[in-house]
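Undergrad: this one's structure only:
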């Protein structure tokens, strides 16, 4: 059973989002890392890049697959997790902690409301598994 | 130092760089027979190497022979046994073909000699073109592409050039969609991309065929330049609606490209040109048995209809009376796709293959290849999930559906097959079949070996039920076990470095 | 057919096992109207003896193959140790597939790892791939890679790059939105014109040069690298004569960002233009943009070292239309031949071969330049090729040399260039004896009008 922390917001593309003021911390969920397998490379944007909601901001690679990752909300990247370039395995080991990917200043923090809660996300993933 | 720790018959063999000893030599050249000019007068020091080729190995001839002989024993090969990689056509590579390719008149021929001094080479090219044209039922042939994907790129660029000429650049610019089945090889979309097309995937039906409704729907949009189809498709099934498929695509103003990877199911039995295909590439290193050599060289001739012929790469080889010559005067050609004329050595081998078989032998090979695949299909259907009902052609797809309930997956079955002395089949391809195992025995396997293969697969199915850990931990018989590919990709080490340099980095 | 194991009786039994009566029924899934109704128009099978006779006869019509030759221009005659061909024809290498199953492909994988290392050592680069089709397609791929890295659409090439390489690059980029512009050469030196380099600007993805260039002249690669980098462009260096690595400063140490080369010089027969092997090397920071296969080091659970295909997510079988290239099959066996060549010749042999080439070419150049009516138009230092300006049309001169003296004296540049009717390119390698060179000089002398 995948770990789904209660205090986070989720997208149907399997990203999680934590609100810190007007900044959103974004990564991929435990469910996503589990279905990808061993993450070997994470491609991330540069600080200053701007994204619309649901836009691809990078990709996660396992040995034999590439998956795009999407912004749950719109905004400007303020920081990326540089340590993932040397230790992409953090995405597997600690997807909600050391495996975070970007911090983004949100254009409209209200967009968070359209995301899934932990309960809704759990329902969503269990439906997808079946 | 004895540090042999494995059960393999040969010694451990480290990298050649680790064997190197300063002062060893493995060559001898004749002494320089001209007066030596001080090198500084020829090439100033700033243009010369100053590293004395440090790191390049210094080994004797014996060192090299032992090195490669030892590491060669770690490879599986066709000559050792069945190599049932689906869509790869690992058939017997005749030594006779090697012999003819090494005749000095071919091997020592420079590509830029005058064509009158290379008539035999041009004859080889011309004659092979004629036979490939006959085998595919398509009038135009270029042997220039160096491999299958290269032939694909050539073919789709020709489609684009043809439509440009037919519709004019402005109208043609509205046709930039290349349709490709979701079961296709990855090279198809990658090649279409090089010709500036946008790729749209065509679904396959539950029965394993091109979804005609989806094809009609996408063709109706009016932006379709072509459809790239493999036939038999990568599920090993013949697209029985091929005529209709071609009609739909042609009716929508597009052209049909056929990926010839699976031509081993058709040679002498049916011809793409007769089905309505406009352009196809062949893989001489599959269907026509030129050796795979651990990943090439290949050769990917491109064959096309009369209408597309003006767009083939330059130069073409033509015959005027009894004289062969290169024709560079092809104003509509897509251009050159390779320096010189293609992988000529592979052409010599493929021509020898065709002539050794003759018309009857070519058909016989096709029949034997299909029969062998059918035999495996019949032999395994009781133990493995066979997702498609239709009778397979030269290759058959199974899945790990039954075994995965016990936690045994396709990868494990493939690795366990190694312990039984077989090279695994193609796995996880085509992508649309979960846990796919695509098996292509080719004609080069006798019944006893097919029976052994079937028995090995059945035995693995039993093991998956009774002792799944045995399968999941396979292979158990090889010099090394499964390698940690994730670690290799996370911190790639792509070359050897001297110890000090490696630790400093 | 002797390559098909099963006897007719066995095939009958197998047919019955799969529920069929006749072989034709194997093809019942093909509609009748597309099945071939007659045998292919291919002659009946030839026996081994008949086949050898036919091919020997055809080969004998390749009269140029047995003649002393001074042809280079992208394909070179070099000595190849006997063990190269012996080892590559071992079944284990020659009848193996691409090493997708590492546990039973370690021979191929380790050889490729050694190949990648040797290519890095010779080119002075950090990462090399497992091979490309040949030098010309490697160059085209380098141009596309430069576009991916810089996101710029303009590529400036020296017109002293092999004309067939440039033609291939034109074909590859024609639908890619990349514009290729050609730089003139300096008629004095034979090098890429310094004046023309002003064309480089901040829209330029790459400057592409060849060294030694098509006219045999060694370019000042370090200066070109500096020039390219000053506008943020990459420097792509092409090498058609890989024997030159034994003597010339490596492109990597001169600042090149991508180095491609034709590896045919390393033990690969001329074979009328192929199969050859493309070398492709770059900087470590661009490893994820490299086309084609890569082999990397890996370990199993017991800590035993092995090799695997790695960074495969760049490739077409995973990334499909977004792959770094469409290449799949490359030149595995030819890369193996080159590896065995480089290791057998080794550090000293690669150096000595290069030195002999340069010395013999210098001798030939000096002797020819002393002939009345002949001159060497370019002043730049050269390796083993040089342009000769003849007193008469070069094509006719060379044709007479072949028929009267049985020597292939070089390549008439009129094949590729307008206005170079009297120029021809001469290549000299360690395989050309002094006697051959002297015969060439005598032959040229005899043609003075």
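TA: Okay, I see it. These numbers come from a predicted model, not from an experiment.
Undergrad: what residues are up against residue C:232?
TA: C:150, C:202, C:204 (Cβ atoms under 8 Å, 6 or more residues apart in numbering or on different chains). Heads up, the C-betas are built off the backbone N, CA and C, glycines and all.
Undergrad: By neighbours, which of the residues you listed wins?
TA: residue C:204 (21 neighbours; other Cβ atoms under 10 Å in any protein chain shown).
Undergrad: Hmm, residue C:154 and that one touching each other?
TA: Yes. Checked against Cβ atoms under 8 Å, the pair residue C:204 and residue C:154 is within contact range at 5.0 Å.
Undergrad: quick one, what contacts the residue nearest the centre of chain A?
TA: Centroid-nearest residue in chain A: residue A:27, 2.5 Å away (criterion: Cα atoms, centre = their mean). Residue A:27 makes contact with A:15-16, A:91, A:95-96, A:99-101, according to Cβ under 8 Å, 6+ apart.
Undergrad: Okay, buried residues for the one helix or strand in chain A whose mean pLDDT sits lowest please.
TA: The helix or strand of chain A with the poorest confidence is helix A:118-129; it has a mean of 88 (mean pLDDT, DSSP states H and E). Buried residues in helix A:118-129, counted by 16 or more other Cβ atoms under 10 Å in any protein chain shown: A:118, A:121-122, A:124-125.
Undergrad: and of those, the nearest to chain B?
TA: residue A:125 (18.7 Å; Cβ to the nearest Cβ).
Undergrad: Was I right to think that closest one contacts residue A:31?
TA: Yes. If you go by Cβ under 8 Å, residue A:125 and residue A:31 touch, sitting 4.9 Å apart.
Undergrad: who touches both of those two?
TA: A:2, A:4, A:14.
Undergrad: which phi and psi does the second one have?
TA: Taking degrees, to the nearest 10, you get phi -130, psi 90 for the backbone angles of residue A:4.
Undergrad: so how far is chain C from it?
TA: 28 Å (Cβ to the nearest Cβ, to the nearest Å).
Undergrad: quick one: that residue from residue A:117, how far?
TA: In this structure, residue A:4 and residue A:117 are 9 Å apart, going by Cβ to Cβ, to the nearest Å.
Undergrad: quick one: which of the two has more around it?
TA: The neighbour comparison of residue A:4 against residue A:117 (other Cβ under 10 Å) goes to residue A:4, with 20 against 13.
Undergrad: related to what we said a few turns ago, ok, so of the buried residues of helix A:118-129, who is nearest residue A:62?
TA: Within these, the smallest distance to residue A:62 is 18.4 Å, found for residue A:125 (Cβ to Cβ).
Undergrad: Contact partners for that closest one?
TA: Taking Cβ under 8 Å, 6+ apart as the criterion, residue A:125 is in contact with A:2, A:4, A:14, A:29, A:31.
Undergrad: Buried ones only from those residues, please, as a ChimeraX command.
TA: Listed next is the ChimeraX selection for buried residues among the contacts of residue A:125, using 16+ other Cβ under 10 Å:
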select /A:2,4,14,29,31
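Undergrad: which of the contacts of residue A:125 sit farthest apart?
TA: Longest span within the contacts of residue A:125, Cβ to Cβ: A:4 and A:14, 10.9 Å.
Undergrad: still on that earlier bit, of the contacts of residue A:27, closest to chain C?
TA: Proximity to chain C was ranked across the contacts of residue A:27 by Cβ to the nearest Cβ; first place goes to residue A:91, at 14.8 Å.
Undergrad: What pLDDT does the model give residue B:330?
TA: Looking at residue B:330, its pLDDT stands at 97.
Undergrad: what about the longest helix belonging to chain B and chain C, any contact?
TA: With secondary structure taken from DSSP state H, chain B has its longest helix at helix B:344-380. Yes. Using Cβ under 8 Å from any Cβ of the partner chain, we find that helix B:344-380 touches chain C at B:344-346, B:348, B:352, B:354-365, B:367-368, B:370-372, B:374-375, B:377-378.
Undergrad: Tell me which helix or strand comes right after that helix.
TA: strand B:396-399 (DSSP states H and E).
Undergrad: In the helix or strand that comes right after that next one, which of the residues would be classed as buried?
TA: The helix or strand immediately downstream of strand B:396-399 is helix B:401-404, counting by DSSP H and E. Residues of helix B:401-404 classed as buried: B:403-404 (neighbour count, 16+ other Cβ under 10 Å).
Undergrad: What segments of the chain are strands?
TA: Because you didn't say which chain, this covers chain A. A:9-10, A:15-20, A:23-28, A:39-43, A:50-51, A:56-62, A:66-70, A:75-80, A:102-106 (DSSP state E).
Undergrad: wait, chain B
TA: Using DSSP E, strands in chain B cover B:140-142, B:177-181, B:198-202, B:224-230, B:255-259, B:279-281, B:302-304, B:316-320, B:323-327, B:396-399, B:426-427, B:436-439.
Undergrad: could you dump those strands to a markdown table with mean pLDDT and mean neighbour count?
TA: A markdown table is the format used below for those (pLDDT from 0 to 100; neighbours: other Cβ atoms under 10 Å in any protein chain shown):
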| stretch | mean pLDDT | mean neighbour count |
| --- | --- | --- |
| strand B:140-142 | 98 | 26 |
| strand B:177-181 | 97 | 26 |
| strand B:198-202 | 96 | 17 |
| strand B:224-230 | 98 | 27 |
| strand B:255-259 | 98 | 29 |
| strand B:279-281 | 98 | 30 |
| strand B:302-304 | 98 | 31 |
| strand B:316-320 | 97 | 16 |
| strand B:323-327 | 97 | 15 |
| strand B:396-399 | 98 | 25 |
| strand B:426-427 | 96 | 22 |
| strand B:436-439 | 97 | 24 |
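Undergrad: Mind listing the shared neighbours of residue A:4 and residue A:117?
TA: Joint contacts of residue A:4 and residue A:117 (Cβ under 8 Å, 6+ apart) are residue A:10.
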